[in-house]
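Trainee: got a sequence here, can you model it:
(one chain, ligands or ions: 2)
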Amino acid sequence: MDLKTEVSTRCNDNNQGKVERGSSTPILQRECHGQISHLAIDIGGSLIKLVYFPRDSDGSSKDDKCSTSRERNSISNGDINSSIFGERLRFAKFETSKIGDCIEFIRSKQLHLGRCLHQECPSGEKTIIKATGGGAFKFADLFNEKLGVSLEKEEEMQCLVAGANFLLKTVQQEAFTYADGQKEFMQIDHNDLFPYLLVNIGSGVSMIKVDGDGKFERVSGTSVGGGTFLGLGRLLTKCKSFDELLELSHQGNNRVIDMLVGDIYGGQDYSKIGLASTAIASSFGKAISEDRELEEYKPEDITRSLLRMISNNVGQISYLNALRYGLKRIFFGGFFIRGHTYTMDTISVAVKFWSKGEAQAMFLQHEGFIGALGAFTGYKKHDHEQDQFVQRCSSKVSCADNNLSGGTIKSS
Ligand SMILES: Nc1ncnc2c1ncn2[C@@H]1O[C@H](COP(=O)(O)OP(=O)(O)O)[C@@H](O)[C@H]1O
Ligand SMILES: CC(C)(COP(=O)(O)O)[C@@H](O)C(=O)NCCC(=O)O
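Mentor: Ligands and ions are numbered 1, 2, ... in the order given. All right, here's what the predicted structure looks like:
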């Protein structure tokens, strides 16, 4: 049963005054019902992602008061919260290396206080925060020490699948293709969603065959992912941040460094095996034959080649795995993508090229927040009140569809 269905089922079933009958948005009763947070967190190798309902100083969620004020919080590392889902469910990200900033952010928003802010709570009860990603293990003690909260670990692949299924079933304009500079939203038929391949390009890359809700298998992965782009980019150029690298890559020309088929074949196509003269024969291959030092290459060109190499490679491995399991649809998520046109174009072209047009790359609006959203939906299992919380979130997704039509969420 998807979340939307559950909303209406519960609306009809529940006569205990917790849900306003006939309303598409169940009303949350403010009662102390255990210490569960309004926050879910995904702590990855590069970034920490937060999904939360903001709250007022009296302890209520802003959302409970139907607040319409847009909240944009600049964070010390320069990232900005994205506010979508009808300006209600909020998103924020921090570099994992700046976990202290993230903890301060949670404290400043009082997201660590559970529901019982300014109310009497059963003593000794700790706020539980759903957390996924490796950092849920690595930083559990730090969260306990600094915020007095308990991180409840949710399995990372399970969260990615739950988040992707939630988005694909709930948000109308979630999945889109990118070709020839055009973004085209796809209408997803809920009855025809499975199976698909979910490729999450984070620090590393996971490829998951998804057969249904909670039915999945991680079929492959590659260590050449977003972390590789950022790590190698930092080593090869003077850039320090991902944004700088992306920005530089706009002005670059990969052909200065990549060895093309034409470079090897005297300017000609290698038509017999379907390779145009402009196809990359060897990423960074020109650097082997030229007597040039690293400093003599423009950082713009280096970043462009690097971005192309990694995107191409992920696209190709993804296609091979789709082929292995007979999957036609491949959804790409993870913050490596960042709604960046060159990245999406390269991945799309790679999938199209290798599949001879049989398979299609699709991207997700909430690319980097899939895991955190999946963890958030995990509250549903936990307690009835939070269950309504998640359900309200899904009902608001539909209300907020128009807000998403403007394009990808850009978190910085
Ligand atoms: N502001 C940013 N800071 C660092 N890396 C970023 C940023 N935006 C996008 N990225 C890219 O996204 C990758 C992390 O993606 P993400 O899905 O958050 O994975 P993880 O869970 O491993 O942190 C980074 O390795 C980098 O390539
Ligand atoms: C270990 C990970 C699941 C961690 O997730 P991440 O923080 O990168 O999002 C991921 O980095 C990964 O799948 N790496 C590829 C490992 C491999 O299959 O070779």
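
Trainee: how does the chain divide up, domain by domain?
Mentor: Following automatic domain parsing, one gets these domains for the chain: 3-158+369-398, 175-253+299-364, 258-296.

Trainee: buried sites along the lengthiest helix in the chain?
Mentor: Assignment by DSSP state H gives helix 299-324 as the longest helix of the chain. Residues of helix 299-324 classed as buried: 299-319, 321-322 (neighbour count, 16 or more other Cβ atoms under 10 Å). All C-beta spots, glycine's among them, are computed from the backbone N, C-alpha and C.

Trainee: now do stretch 204-215
Mentor: 204-210.

Trainee: wait, does it contact ligand 1?
Mentor: No - for stretch 204-215, no contact with ligand 1 is found by Cβ under 6 Å from any ligand atom; the gap never falls below 6.8 Å.

Trainee: so that stretch, near ligand 2 or not?
Mentor: Yes - counting by Cβ under 6 Å from any ligand atom, ligand 2 has neighbours in stretch 204-215: 204-206.

Trainee: what's the helix or strand for residue 150?
Mentor: strand 149-153 (DSSP states H and E).

Trainee: can you give me how far the very next helix or strand once past that strand is from the chain middle?
Mentor: Using DSSP H and E, the helix or strand that follows strand 149-153 towards the C-terminus is helix 156-170. Mean C-alpha position of helix 156-170 versus that of the full chain (Cα atoms, centre = their mean, to the nearest Å) differs by 10 Å.

Trainee: quick one: mean pLDDT for helix 156-170?
Mentor: In this model, helix 156-170 has an average pLDDT of 97.

Trainee: list the helices and strands that helix packs on?
Mentor: helix 3-13, strand 196-201, strand 205-212, strand 215-222, strand 329-333, strand 360-364, helix 370-377, helix 384-399 (3 or more Cβ pairs under 8 Å, 6 or more residues apart in numbering; DSSP states H and E).

Trainee: the same query, at a cut-off of 7 Å, please.
Mentor: Applying 3 or more Cβ pairs under 7 Å, 6 or more residues apart in numbering; DSSP states H and E, one finds that helix 156-170 contacts helix 3-13, strand 196-201, strand 205-212, strand 215-222, helix 370-377.

Trainee: now the ones you listed in a markdown table, with distance to residue 241 and mean pLDDT?
Mentor: Shown next, in a markdown table, are the helices and strands packed on helix 156-170 (distance: least, Cβ to Cβ, whole Å; pLDDT from 0 to 100):
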| stretch | distance to residue 241 | mean pLDDT |
| --- | --- | --- |
| helix 3-13 | 36 | 25 |
| strand 196-201 | 18 | 98 |
| strand 205-212 | 21 | 98 |
| strand 215-222 | 23 | 98 |
| helix 370-377 | 21 | 96 |
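
Trainee: for these, which one sits closest to residue 132?
Mentor: Across the helices and strands packed on helix 156-170, residue 132 has its closest neighbour in helix 370-377 (4.4 Å, Cβ to Cβ).

Trainee: figure out how far that closest one is from the centre of its chain.
Mentor: Between the centre of helix 370-377 and the centre of its host chain there is 9 Å, according to Cα atoms, centre = their mean.

Trainee: swap in stretch 49-56?
Mentor: With Cα atoms, centre = their mean, you get 16 Å for stretch 49-56.

Trainee: in CSV, list the domains of the chain along with distance to residue 168.
Mentor: Shown next, in CSV, are the domains of the chain (distance: least, Cβ to Cβ, whole Å):
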stretch, distance to residue 168
domain 3-158+369-398, 10
domain 175-253+299-364, 5
domain 258-296, 32
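
Trainee: how many other residues sit next to residue 328?
Mentor: 13 (other Cβ atoms under 10 Å).

Trainee: ah, wrong one, I meant residue 150
Mentor: 17.

Trainee: what residues does the stretch 101-250 of the chain put near ligand 2?
Mentor: Going by Cβ under 6 Å from any ligand atom, the residues of the stretch 101-250 of the chain near ligand 2 are 133-134, 156, 202-206, 221-223.

Trainee: what's the farthest-apart pair in the residues you listed?
Mentor: Longest span within these, Cβ to Cβ: 133 and 222, 18.0 Å.

Trainee: and these two? Which one has more around it.
Mentor: Counted by other Cβ under 10 Å, residue 133 and residue 222 do not tie: residue 133 has more neighbours, with 27 against 18.

Trainee: tell me the contacts of that one?
Mentor: Shown in contact with residue 133 (Cβ atoms under 7 Å, 6 or more residues apart in numbering): 42-44, 156, 371.

Trainee: what's the spacing between it and residue 368?
Mentor: Separation of residue 133 from residue 368 (Cβ to Cβ, to the nearest Å): 12 Å.

Trainee: and if you look at residue 175?
Mentor: Relative to residue 368, and taking Cβ to Cβ, residue 175 is found at 15 Å.

Trainee: cool, and residue 109?
Mentor: Computed as Cβ to Cβ, the residue 109 to residue 368 distance reads 19 Å.

Trainee: what's the answer for residue 228, then?
Mentor: From residue 228 across to residue 368, the span is 17 Å (Cβ to Cβ).

Trainee: those two: which is more packed in?
Mentor: Counted by other Cβ under 10 Å, residue 228 and residue 368 do not tie: residue 368 has more neighbours, with 28 against 20.

Trainee: so what's that one up against?
Mentor: By Cβ under 7 Å, 6+ apart, residue 368 lies in contact with 47, 49, 93, 334-335.

Trainee: ok, residue 246 next?
Mentor: Neighbouring residues of residue 246 by Cβ under 7 Å, 6+ apart: 338, 340.

Trainee: is it in a helix, a strand, or coil?
Mentor: helix (DSSP: H, G, I helix; E, B strand; the rest coil).

Trainee: if I look at it, how far off is ligand 1?
Mentor: Distance, residue 246 to ligand 1, by Cβ to the nearest ligand atom, to the nearest Å: 8 Å.

Trainee: so residue 191, which state does it fall into?
Mentor: Under the three-state scheme (three-state DSSP), residue 191 adopts helix.

Trainee: buried ones in stretch 273-288, by neighbour count?
Mentor: For stretch 273-288, the neighbour count (16+ other Cβ under 10 Å) marks 275, 277, 280-281, 283-287 as buried.

Trainee: so which of those belong to strands?
Mentor: Mapping these onto strands (DSSP state E) picks out 280-281.

Trainee: and which of the buried residues of stretch 273-288 is nearest to residue 345?
Mentor: residue 280 (14.0 Å).
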